[in-house]
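1. kindly return the folded structure for what I paste below:
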Amino acid sequence: MIKYSVVTEANRYKSYEQKLKAAADLYWAARSLKEAYLRSRHPDWPEEKIKKTVKEWLLYAKS
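-> Below is the predicted model of the structure:
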């Protein structure tokens with residue numbers, strides 16, 4: 001695993017555009033993983049319910 005300080009140092013030299021793209025990539029990856037997880041756990045759910053559940057999960061996420 002990469003140490004946090006190495007990642008922080010690498011991000012220091014990225015442009016704002018690169019940082020924004022990295023954040024967007026993480027967002028879409030998390031969304032895709034959550035959808036795949038819900039499909040595996042609830043194969044009987046329609047696609048609309050999966051999308052709605054993921055949207056609510058992201059909307060009410062807490063850090």
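
2. what pLDDT is listed against N11?
-> Each residue has a pLDDT score; the one for N11 is 78.

3. let me redo that: H42
-> For H42, the predicted pLDDT is 97.

4. ditto for S63
-> The model's pLDDT for S63 equals 64.

5. so where do the helices sit in the protein?
-> For the chain, applying DSSP state H gives helices covering 4-12, 16-41, 47-59.

6. report the buried residues of the last one.
-> When you say that, I think you mean helix 47-59. Going by neighbour count (16 or more other C-beta atoms under 10 Å), the buried part of helix 47-59 is 50, 54. (Glycine included, C-beta is placed from N, CA and C.)

7. what of the second one?
-> Neighbour-count burial for helix 16-41, with 16+ other C-beta under 10 Å as criterion, is recorded at 34-35, 38.

8. lowest-pLDDT helix or strand in the protein?
-> Lowest by mean pLDDT, DSSP states H and E among the helices and strands of the chain is helix 4-12, with a mean of 74.

9. what's the spacing between that one and its chain's center?
-> With C-alpha atoms, centre = their mean, to the nearest Å as the basis, helix 4-12 stands 20 Å off its chain's centre.

10. cool, stretch 6-16 as well?
-> 19 Å.

11. stretch 16-31 now?
-> Relative to its chain's centre, stretch 16-31 lies at 8 Å (C-alpha atoms, centre = their mean).
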